[in-house]
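> structure, please.
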Amino acid sequence: MLSAVVVVTFSLLIGGAFLLLVLESSLIATARSNLAVRASDVAKLLAEEGVQEAQSTLAEDRRTGEQVQILDAKDRVVAWSSRRLRSEPISELRPAPGRTARAKLPPMSALGDDEVVVAARGVEVHDQEYVVLVAAPLEVQTDTLRTVGLLLLAAAPLFVALVATAVWLLVGQSLRTVERIRRQVAEIDGRRLHERVEVPPTGDEIAALAATMNQMLDRIEHSDHLHRAFFSDASHELRSPLSTLVTTAEVASLDATGKTWLDMQQIVLRESSRMRSLVEDLLTLAKVDADQLQLNVEDVDLEEVLDAEIRRLRKVSDHQIIADLRPVRVRGDERRLTQVFRNLLDNAARHAESMIVIRMEQQPGEVVVSVDNDGEIVSSQNRNRVFERFARLDASRSTDGGGSGLGLAISREVVSAHAGTVVATESDGLCRFRVVLPTAS
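All right, here's what the predicted structure looks like:
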């Protein structure tokens, strides 16, 4: 509030000074113009009636605060409006006939104690050159400026007081609203993320602040729900292999011969591998969330990556696998791209009934990879949800056949990091996952 009062006071001082300067300039310009008109009238009278008649008229037509002199070519005063001006010219202005000149002079005793404005008009009468001088003190203009200045000085404190009061009331009201918002936000903790700040109906910046706070709380609540669901699902996924390992160890420890351990070692290896894979996936997503997913970018032969994964899949799957590959190079991380297509091919193998089809199609500036299977098509309402973390559709909720539910989520994040897209769709009655990546330039 103090800053606003200081700014207003300073603005008033600057504005008042500027106003006085403009007013002074305007008043003086008006006075000069009036005197120029008067000088022109006297010059016309002199040209028409002569010096004697002009003297008589000047003596009879005395205007308040205005004095007139007529000088001949030798600078002698030949006519005047006041006897005090009959001796010396009041100005050194000597314009040529038909021309007008103006000047501002210091105070002179014959015209008072104020500055004087003079207008001079040259005139020629019967081959004789004369100069008409008309002078007037700036008393009225000075008094006007003084009056306006005093009024400004008198009104400025009142105006500053009014501004200070208005600022105090308005800013106080705004700050009270801000304080209420701050207090409401301070009371919201992890158990009350559903609460929101009251938005005032003013439609101003304070209302925008409250709305922004609510939007931020929406994002925090959504993120909190995602993290809680993530931790719950991760705990659930890790509990199963850990329980299996613990049970296996307990059973094996009761057999002193060690035969039980030999019989169960494949179970231990399978569950350990499953848990390691799950932990690696969780670490990958944690890096994504922390914006720390680093890519070792280089030119990658994408068809070689796909060919290696297809040969791996043929060794572990009984499905018919059809591949249509072509040489295409992309810029990316070969290890991460291998992870993407391994997840997509394993997902296709889990859901296919008998056939998997992989096709590559090069388009201007990009390559499209389609992974199709003849299993159940992902419904349109689940095509975004299938890429969520730990998302399993109802038909594949079991971990035995449905995986951990992280492979497609990781694939989407990795493809996005490569400036590409991956979507679930359908084509010719087949379930399709379609990957688009920019090609190397």
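> check which element follows the lowest-mean-pLDDT helix or strand in the chain along the chain.
In the chain, no helix or strand scores lower on mean pLDDT, DSSP states H and E than helix 399-402, which sits at a mean of 46. Once helix 399-402 ends, the next helix or strand along the chain (criterion: DSSP states H and E) is helix 407-417.
> now for that following helix, which elements pack on it?
With contacts taken as 3 or more C-beta pairs under 8 Å, 6 or more residues apart in numbering; DSSP states H and E, helix 407-417 sits against helix 259-289, helix 334-351, strand 421-427. All C-beta atoms are positioned from the backbone trio N, CA, C, and that covers glycine.
> of the ones you listed, which stretch is the most buried?
helix 334-351 (a mean of 20; mean count of other C-beta atoms under 10 Å).
> find the nearest non-adjacent residue to residue 388, please.
Once flanking residues are discounted, residue 388 sits nearest to residue 409: 6.3 Å by C-beta to C-beta, 6 or more residues apart in numbering.
> that neighbour contacts residue 387, correct?
Yes. Using C-beta atoms under 8 Å, residue 409 is in contact with residue 387, at 5.7 Å.
> tell me the buried residues in stretch 186-204?
For stretch 186-204, burial by neighbour count (16 or more other C-beta atoms under 10 Å) applies to 188, 193, 196, 197, 199, 200.
> do the same with stretch 377-394
Going by 16+ other C-beta under 10 Å, stretch 377-394 has these buried residues: 377, 378, 386, 387, 388, 389, 391, 392.
> please apply the same query to stretch 14-29.
16, 24, 27, 28.
> kindly reformat those as TSV containing pLDDT, secondary structure and distance to residue 281.
Listed next are these as TSV, based on pLDDT from 0 to 100; DSSP: H, G, I helix; E, B strand; the rest coil; distance: C-beta to C-beta, whole Å:
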residue	pLDDT	secondary structure	distance to residue 281
16	82	helix	74
24	80	helix	83
27	84	helix	86
28	82	helix	87
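> mind jotting down where the strands sit in the protein?
Assigned by DSSP state E, the chain shows strands spanning 67-71, 77-80, 100-105, 116-125, 128-137, 298-301, 320-324, 329-332, 355-363, 366-373, 421-427, 430-438.
> who does the third one pair up with?
Looking at strand 100-105 with DSSP bridges, its partner strands are strand 116-125 (antiparallel).
> and the angle for the partner strand with strand 128-137?
Angle, strand 116-125 to strand 128-137, by axes from the mean of the first three to the mean of the last three C-alpha atoms, to 10 degrees: 160 degrees.
> please enumerate the helices of the stretch 1-150 of the chain.
Along the stretch 1-150 of the chain, counting by DSSP state H, counting those that start in this stretch, helices occupy 2-49, 51-60, 139-187.
> tell me what the longest one is packed against?
In this case it means helix 139-187. Here helix 139-187 touches helix 2-49, helix 205-253, going by 3+ C-beta pairs under 8 Å, 6+ apart.
> out of those, which comes closest to residue 67?
Nearest to residue 67, of all the helices and strands packed on helix 139-187, is helix 2-49, at 10.3 Å by C-beta to C-beta.
> same for the closest one, what does it pack against?
helix 51-60, strand 67-71, strand 100-105, strand 116-125, strand 128-137, helix 139-187.
> now the fifth one: buried residues?
Read that as strand 128-137. 130, 131, 132, 133, 134, 135, 136, 137.
> would you format those as JSON lines with distance to residue 332 and pLDDT included?
JSON lines is the format used below for the buried residues of strand 128-137 (distance: C-beta to C-beta, whole Å; pLDDT from 0 to 100):
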{"residue": "130", "distance to residue 332": "100", "pLDDT": "90"}
{"residue": "131", "distance to residue 332": "96", "pLDDT": "90"}
{"residue": "132", "distance to residue 332": "96", "pLDDT": "89"}
{"residue": "133", "distance to residue 332": "95", "pLDDT": "88"}
{"residue": "134", "distance to residue 332": "93", "pLDDT": "87"}
{"residue": "135", "distance to residue 332": "93", "pLDDT": "86"}
{"residue": "136", "distance to residue 332": "91", "pLDDT": "84"}
{"residue": "137", "distance to residue 332": "91", "pLDDT": "83"}
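> what does stretch 320-339 contact?
The contact list for stretch 320-339, computed with C-beta atoms under 8 Å, 6 or more residues apart in numbering, reads 295-303, 305-310, 313-314, 354-360, 362, 367, 410-411, 414, 417-418, 437-441.
> revised request: answer the last question for stretch 407-423.
By C-beta under 8 Å, 6+ apart, stretch 407-423 touches 281, 284-285, 288, 293, 295, 330-333, 336-337, 339-340, 343-344, 346-347, 366, 383, 386-391, 433-438.
> where does the stretch 151-300 of the chain dip in pLDDT?
Residues of the stretch 151-300 of the chain meeting the criterion pLDDT under 70: 233, 236-237.
> which residue is the nearest non-sequential neighbour of residue 32?
Among residues not flanking residue 32 along the chain, residue 102 sits closest, at 4.7 Å (C-beta to C-beta, 6+ apart).
> so that neighbour makes contact with residue 133?
No. Contact criterion C-beta under 8 Å: residue 102 and residue 133 do not qualify, at 10.9 Å.
> give me the common contacts of these two.
93, 118, 119, 120.
> distance to residue 274 for these - can I get that in JSON lines?
Converted to JSON lines, those look like this (distance: C-beta to C-beta, whole Å):
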{"residue": "93", "distance to residue 274": "110"}
{"residue": "118", "distance to residue 274": "109"}
{"residue": "119", "distance to residue 274": "108"}
{"residue": "120", "distance to residue 274": "111"}
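> and the residues you listed, which two are the farthest apart?
93 and 119 (8.2 Å).
> what's the overlap in contacts for the two?
Residues touching both residue 93 and residue 119 by C-beta under 8 Å, 6+ apart: 101, 102, 133.
> nearest to residue 145 among those?
residue 102 (19.5 Å).
> tell me how many other residues surround the closest one.
20 (other C-beta atoms under 10 Å).
> just residue 57 next, same as before
Counted with other C-beta under 10 Å, residue 57 comes out at 16.
> thought it was touching residue 49?
Yes. Counting by C-beta under 8 Å, residue 57 touches residue 49, with 7.4 Å between them.
> let me see the contact set for the residue lying closest to residue 209 once chain neighbours are set aside.
Nearest residue to residue 209, sequence neighbours excluded (C-beta to C-beta, 6+ apart): residue 181, at 6.6 Å. For residue 181, the contacting residues are 197, 198, 206, 209, 210, 213, by C-beta under 8 Å, 6+ apart.
> quick check: domain ranges of this structure?
2-143, 205-289, 298-438 (automatic domain parsing).
> redo the ones you listed as a markdown table? Include distance to residue 150.
Formatted as a markdown table, the domains of the chain follow (distance: least, C-beta to C-beta, whole Å):
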| stretch | distance to residue 150 |
| --- | --- |
| domain 2-143 | 11 |
| domain 205-289 | 40 |
| domain 298-438 | 73 |
